[in-house]
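Trainee: take a look and give me a structure for this.
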Amino acid sequence: MTVVVGYVPTREGRAALAAGLAEASRRAARVVVVDNRRADPDDPDPEGTSARALDELRPQVESALGSGDDAPPYELRTLSPGSEPSEDLIAVATQAGASLVVIGLRRRTPVGKLILGSGAQRILFDAPCPVLAVKPPA
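Mentor: Residues are numbered from 1 along each chain as shown. You can find the predicted model right below:
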């Protein structure tokens, strides 16, 4: 079993990470956390920025999953340069044989609802497994 978490450094991303780690602990499942934000076109080293952001999460992930031989394994994956975040997350979930994908959703304005986050919609419809969509606490 594998839980794939789409992480972005926002309240929604932190909610997705917390929910994904909790699900992985409950299921004793492997966790793959994917830096799922869009790369900044002005960033000279998007992969390095992504790796540093995920390294900052490492203590939180290890704390949530526990330590020792019975702790579920985890992996932190940087964004794939040039790919659409939703496509990347779906590809990781497919490759990892995910049993669950966890994403964070943000509140949308009435106009924004007409266009639901196209990335979130794509993940909801195209993921190879169930998707848990969470929102941050109020």
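Trainee: quick one: the longest helix along the chain to chain centroid distance?
Mentor: The helix spanning the most residues in the chain, taking DSSP state H as the definition, is helix 46-65. The chain centre lies 12 Å from the centre of helix 46-65; the measure is C-alpha atoms, centre = their mean, to the nearest Å.
Trainee: in the very next helix or strand once past that helix, what's buried?
Mentor: Sequence-wise, the next helix or strand downstream of helix 46-65 (DSSP states H and E) is strand 74-77. Going by neighbour count (16 or more other C-beta atoms under 10 Å), the buried part of strand 74-77 is Tyr74, Leu76, Arg77. Backbone N, C-alpha and C define where each C-beta goes, glycine included.
Trainee: tabulate those (JSON lines), appending pLDDT and distance to Thr2.
Mentor: Supplementary listing: those in JSON lines, determined by pLDDT from 0 to 100; distance: C-beta to C-beta, whole Å:
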{"residue": "Tyr74", "pLDDT": "94", "distance to Thr2": "10"}
{"residue": "Leu76", "pLDDT": "95", "distance to Thr2": "14"}
{"residue": "Arg77", "pLDDT": "93", "distance to Thr2": "12"}
